[in-house]
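Undergrad: no FASTA, just this:
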């Protein structure tokens, strides 16, 4: 689509994401893009703090975002990672508008497209394609969470590492050992040993 080539660079990844899924006209794309604002964030920047109400959804052009919690002992547990071409937010807080029980952080210097909750929900209500995307996000999130919860119950460390490589091939190349280990529910040393056995 010639229109994509003439777009401001910040909107081209989202345009490709949408056009790759739907037959969608230029006018509708322009309406969607008008709801998103380009945002550049630095490495380790916190986009949402614990106990803050989430009012923004992000589409990732470049970089990586993660959701994580911190227990009373100060130990971090990573819950979710999102890379280029993915959407990310603290979804429970975004939906129910109650304080988030987690943090949202950029773990790399990232270029994002941000959309407010109000605009996001308006697009879901008025744009069929965006409604489908939201349903896809919810379904994939549920399926991946179930796989992670129930699959991990019977997995040893090596099986967990193989699972994450299969589901996200670049994960271990992009994420620190400490963060990856917390996501997999194993220690960094156990992760290193498992990786050496691959």
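TA: Structure received. What you are looking at is a predicted structure, and each value in this text was computed from that prediction instead of being measured.

Undergrad: state the distance from the residue nearest to residue 83 when sequence neighbours are not counted to residue 136.
TA: Nearest non-adjacent residue to residue 83, counting by C-beta to C-beta, 6 or more residues apart in numbering: residue 64, 5.3 Å away. Where C-beta positions appear, they are placed from N, C-alpha and C, glycine not excepted. According to C-beta to C-beta, to the nearest Å, residue 64 and residue 136 sit 20 Å apart.

Undergrad: who's more crowded, these two?
TA: residue 64 (23 against 12; other C-beta atoms under 10 Å).

Undergrad: surely the more buried one touches residue 105?
TA: No. With contact defined as C-beta atoms under 8 Å, residue 64 does not count as touching residue 105 (9.4 Å).

Undergrad: buried stuff in the longest helix along the chain?
TA: Looking across the chain with DSSP state H, the single longest helix is helix 128-146. Across helix 128-146, burial judged by 16 or more other C-beta atoms under 10 Å covers 129-130, 133-134, 137.

Undergrad: any idea which of the residues you listed is least confident?
TA: For those, the weakest pLDDT value sits at residue 137, with 85.

Undergrad: so how many other residues sit close to the nearest residue to that one once chain neighbours are set aside?
TA: Of all residues not flanking residue 137 in the chain, residue 87 sits nearest, at 5.6 Å (C-beta to C-beta, 6+ apart). Other residues within reach of residue 87 by the criterion other C-beta under 10 Å amount to 22.

Undergrad: what does the one 5 residues further on give?
TA: By the measure other C-beta under 10 Å, the count of residues near residue 92 is 13.

Undergrad: so what's it up against?
TA: 98, 100-101 (C-beta atoms under 8 Å, 6 or more residues apart in numbering).

Undergrad: likewise residue 25?
TA: By C-beta under 8 Å, 6+ apart, residue 25 has no neighbours at all.

Undergrad: check residue 39 too.
TA: 58, 111-114.

Undergrad: go with 10 Å
TA: 10, 47, 56, 58, 61, 106, 110-114 (C-beta atoms under 10 Å, 6 or more residues apart in numbering).

Undergrad: the helix or strand hosting it: which residues count as buried?
TA: According to DSSP states H and E, residue 39 maps onto strand 37-41. Using 16+ other C-beta under 10 Å as the test for burial, strand 37-41 gives 39, 41.

Undergrad: helix or strand next in line after that strand, which one?
TA: From strand 37-41, the next helix or strand downstream (DSSP H and E) is strand 46-48.

Undergrad: quick one: mean pLDDT for that next one?
TA: Strand 46-48 comes out at a mean pLDDT of 98.

Undergrad: one step back: partners of the strand holding residue 39, with directions?
TA: strand 110-116 (antiparallel) (DSSP bridges).
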